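> Okay, predicted coordinates and the sequence, questions at the end:
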Amino acid sequence: MSSLTLQNQSEQHPHLRPLSILRDLPAVADLIETCFSSTMDNEGRRYVQDMRRAGNDNAFIKWANRAAETTSLPLSGYVWEEDGKIIGNASLVPFRHNKQRVYLIANIAVQPEHRRKGIAQALTQRAIQHARDKKVDNIWLHVREDNPGAIDLYTKLGFIERARRTTWQATTDRLTPTLQTDITLTGRHPNDWPTQLNWLTRLYPDRLAWHRNWSFTSLRPGFWNWLYLLFVDINIRQWSALKNNQLQAALAWIPYGRGESLFAATGEGSDPEALTALLLQARRELVQLYPNIIFEFPAGEFDGAIYAAEFKPLRTLIWMQAT
């Protein structure tokens, strides 16, 4: 594995310093909102609000100082400060997957009037060096596909694209129309599980699994899994779409506290109408649970089918990994 050679950042960049949970969170929240407000969804706005509240919560700050390197929250990172004002930020979010440590570099932001001065590059390099110092080589970041300047920067810093994924959103509505098609919708049958698992493995590959807090096993049929879900009070819903008695697509809803809990499974030769019909079904059935539903899918796959279910793309992110 190649590595990046960095100079001593504290000497090279006197304005760059570690994030202070005690005093920096509200200012970083303001910076993130300034830089990303035009593309921020409801979760992003909640994230900024939570960051501001956390900055004024003494109990949280005491806990965060102990947990910064062990919990998957943006509690560590680096800021760029000039004249007492934070004008740049790069957060570090630690994860664990298969007993391996992973770092996500997130919230790379610079005030508009201070861009093109190398601040984002310096912050990103320092975040990478932090991970290397912690003996972590599995380092990731996300970047919007419509941000060519940032993509070019991260490529020059040694990141390569691993995946490109679109987040879609739609409102729920019990009056959502039913698609007129020869596709039949049913509850997910246990016999559909092997095919569903195979498709999910392709669409949600293991190399990205560190970022999600659910596993395929929660969808597995069987009495013991049903009993476990009943015990932990998780009400998973699953649907199958059939054509000529052949599985064309499956859709699962996993309630884990966020709106992004739909997971679609399709094969490369699946009928697109199957996915459309399933998404329309979810919009009808989940109306009492969420006003909006969101799901993530590989960019460019079945886009027409998703549009046909009246989902709108929120963003397409490129997942990049340091080499």
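Thanks, I have the structure now.
> Can you show me the helices along this protein?
Assigned by DSSP state H, the chain shows helices spanning 9-12, 25-36, 42-55, 58-67, 119-133, 148-156, 193-203, 223-231, 272-285, 303-308.
> Could you pull up the contacting residues of Ala120?
By CB atoms under 8 Å, 6 or more residues apart in numbering, the contact set of Ala120 is 88, 90, 108, 110, 150, 153. C-beta here means a position set from N, CA and C on the backbone, and glycine is covered the same way.
> nearest spatial neighbour of the fourth one, skipping sequence neighbours?
The one in question is Val110. Gly88 (4.4 Å; CB to CB, 6 or more residues apart in numbering).
> Report the beta-bridge partner residues of that neighbour.
Trp80, Val110 (DSSP bridges).
> and it, how many neighbours?
Other residues near Gly88 number 25, with proximity taken as other CB atoms under 10 Å.
> Verify the stated contact: it with His114.
Yes: here Gly88 lies in contact with His114, judged by CB atoms under 8 Å, at a distance of 7.0 Å.
> What distance do you get for Ile254 to Val48?
26 Å (CB to CB, to the nearest Å).
> Apologies, that question was intended for Ile183.
41 Å.
> For Ala170, which residues are in contact?
Counting by CB under 8 Å, 6+ apart, Ala170 has contacts 279, 283, 292-293, 309-312.
> Pull the CA coordinates from stretch 118-133 and hand them back as PDB.
Below are the C-alpha coordinates for stretch 118-133, written out as PDB (Å, rounded to 0.1, in the frame of the first residue of the first chain):
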ATOM      1  CA  GLY A 118      -4.700  25.300  -0.100                       C
ATOM      2  CA  ILE A 119      -6.700  25.100   3.200                       C
ATOM      3  CA  ALA A 120      -8.800  22.100   2.200                       C
ATOM      4  CA  GLN A 121      -5.700  20.300   1.000                       C
ATOM      5  CA  ALA A 122      -3.800  21.000   4.200                       C
ATOM      6  CA  LEU A 123      -6.800  19.900   6.400                       C
ATOM      7  CA  THR A 124      -7.300  16.700   4.400                       C
ATOM      8  CA  GLN A 125      -3.600  15.800   4.500                       C
ATOM      9  CA  ARG A 126      -3.500  16.400   8.300                       C
ATOM     10  CA  ALA A 127      -6.600  14.100   8.700                       C
ATOM     11  CA  ILE A 128      -4.900  11.400   6.700                       C
ATOM     12  CA  GLN A 129      -1.800  11.700   8.800                       C
ATOM     13  CA  HIS A 130      -3.900  11.400  11.900                       C
ATOM     14  CA  ALA A 131      -5.300   8.100  10.700                       C
ATOM     15  CA  ARG A 132      -1.800   6.900   9.700                       C
ATOM     16  CA  ASP A 133      -0.500   7.800  13.200                       C
END
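> list the buried ones in it?
119-120, 122-132 (16 or more other CB atoms under 10 Å).
> same question, stretch 271-287
In stretch 271-287, counting by 16+ other CB under 10 Å, buried: 271-283, 286-287.
> Can you give me the domain boundaries for this structure?
Domain assignment of the chain by automatic domain parsing yields the ranges 9-157, 167-316.
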